[in-house]
Every structure is written in C-alpha cells, then in structure tokens.
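Novice: Sequence plus predicted model, see below.
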Amino acid sequence: MGRAMAEAIKLHDAVAFSGSFPLLSGVNLCVEVGEVVHLNGANGAGKTSLLRALAGLVAVTQGSISVLGYDLTGERRSVRREVGLVGHQSFLYEDLDAGENLAFWLGTDAGGADRIAAALARVGLAGRLIGAPVSKLSTGQRRRVTLALLFARNQRLWLLDEPHAGLDAAGREIVDSLIVEASRSGTTVVFASHELDHARTIATRSVVMTGGAITLDVPGPIAGGATSGA
C-alpha cells in the first residue's frame, strides 16, 4: 500500500479483549498524518492496549481500525513494517552491543553502517557505549539504543509508551527533538507519557483515556492527570 493519505489512524467503536477482560471499550479516534498525539490517563486506562492495537499486536474484535490505510480488523501483520513501537520491553539482544543490535534489526542493506552510526549519534551514544554489550548498559542507555533503531528505520508511524522513562534530562530532550523532527518529516506519532512538561511542548493534541475509551479529545496537551503505566 504506502500511498499518501490525510488520515494515518481511524478507529470507530473499537473493542478489544484479553480473554474476557475488555482492553478497549469503544475507542473513537482519528489522527492525521504528521500529528503528534499525547495519550493521557490513569493506570489501567487502556493507553498501552491502544498503542499495541495500532501496532497490530492486539486484535480489535468489534468496531473498526484502520492504520496507514491498512484494515487491521482483517490482517494485522500487514502494517508492522511501517510502524515502530517503543514500549516497556526493548527487544534488544543482551550479548550484542548497540551497533550490532541495530545491524541485526536493520539487516545488511547498502549504507546500513552509515545509518547505524548516524542513528546512534543522534541519540547521544558514542565512544565506549557503542561497543559495550547491552547487558552492561543502564536503563536509560538501553532506551537510547531502542530510540536509535526507531530513528534509523524511517517508519511512518511511531508508537511510544513512556518514551522518557529511565532517561536523564538530556535524554528527555533528545526524545522531544526526535518526535518534533519526525513529525515535521511527515511521520505520525502517538505517545503515552507522564512527563507532562515535555508532552506540553511537543504534542499537537491530547486525548484522555478512561476505562478503555477516549473520554476527552482536545487540541494541545492536557494540563493535568497521570499517564504512568497502562
């Protein structure tokens, strides 16, 4: 598919379950290409479940869900190459260093080494940190490696679950600048973060989730509320 479109995401009365437990209970959401949408809400509100549904990892069993032009009520795998999800799990190989992890996930296409070097530099990883096994890196440094992979893959939709978690002030600023840069290039970003000061500066719009549904949708970030967890 891959054609240009005004809407990157569209959900109508979307419902999802884990067993008999409702993860999403009738989500309605439209996101245009290039928007930066902040998900706000208390623990258990459904933020992580929504992100995973947008990545094709959680099945929507009632209602409809379209992501980047793909109907995910049918084939959920189809969208995954074009979506980057950064969640609580890094999916990094502990015995590989940062560069080796990126090389594994990116493959061996031409120019891969230059892309890897540029991505690692972009997230502030240099020197001995690049050659150290991931098992030796701090939580924040691992998060930077994951963000470097997201940056290098040039995917059309970024889904970020607490992207500032474990990062120092410099790392948080890098996350913010990456999101703004991606949006300006036409990438759509949906992120959940309890770092409201940062969300306030980068979100073009905020939605509040309660009980697996969106209960408030307004331009700009929400000034209050907690968004830790899902």
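Specialist: It's in. Numbers count the residues shown, from 1 in each chain.

Novice: model confidence over stretch 121-134, on average?
Specialist: Averaging pLDDT along stretch 121-134 yields 91.

Novice: List of residues touching that stretch?
Specialist: 90, 92-99, 101, 120, 137, 141-142, 144-145, 147-148, 151, 170-171, 174, 178 (Cβ atoms under 8 Å, 6 or more residues apart in numbering). Backbone N, C-alpha and C define where each C-beta goes, glycine included.

Novice: Stretch 85-95 now?
Specialist: 48, 51-52, 55, 57, 100-101, 104, 133-135, 142-143, 145-147, 150, 158-163, 165.

Novice: For E195, give me its contacts.
Specialist: The contact partners of E195, by Cβ under 8 Å, 6+ apart, come to 164, 172.

Novice: about what we covered before: make a ChimeraX selection of whichever of the contacts of stretch 121-134 turn out to be buried.
Specialist: In ChimeraX syntax, the buried subset of the contacts of stretch 121-134 is picked out as below (16 or more other Cβ atoms under 10 Å):
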select :90,92,96,97,98,99,101,120,137,141,142,144,145,147,148,151,171,174,178
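
Novice: T204 against V31, yeah?
Specialist: No. Contact criterion Cβ atoms under 8 Å: T204 and V31 do not qualify, at 9.7 Å.

Novice: Find the residues that touch each one of these two.
Specialist: Counting by Cβ under 8 Å, 6+ apart, the residues touching both T204 and V31 are V37.

Novice: Looking only at neighbour counts, state which of the two leads.
Specialist: Each of T204 and V31 has its neighbours counted (other Cβ atoms under 10 Å); V31 has more, 22 against 16.

Novice: contacting residues around the more buried one?
Specialist: 7-10, 37, 188, 190.

Novice: I'd like to know which of the residues you listed are part of strands.
Specialist: Among the contacts of V31, the residues falling in strands (DSSP state E) are 7-10, 37, 188, 190.

Novice: residue ranges for the helices of the chain, please.
Specialist: Here the chain has its helices, by DSSP state H, at 47-54, 98-106, 112-122, 128-131, 139-153, 169-184, 196-202.

Novice: pLDDT averaged over the last one, what's the number?
Specialist: In this model, helix 196-202 has a mean pLDDT of 84.

Novice: Can you list the helices and strands that it packs against?
Specialist: In terms of contacts (3 or more Cβ pairs under 8 Å, 6 or more residues apart in numbering; DSSP states H and E), helix 196-202 is packed against strand 36-40, helix 169-184.

Novice: winner for burial among the ones you listed?
Specialist: Mean neighbour count (mean count of other Cβ atoms under 10 Å) peaks for strand 36-40 among the helices and strands packed on helix 196-202, with a mean of 25.

Novice: helices or strands next to it in the packing?
Specialist: Using 3+ Cβ pairs under 8 Å, 6+ apart as the contact test, the elements touching strand 36-40 are helix 47-54, helix 169-184, strand 188-192, helix 196-202, strand 205-210.
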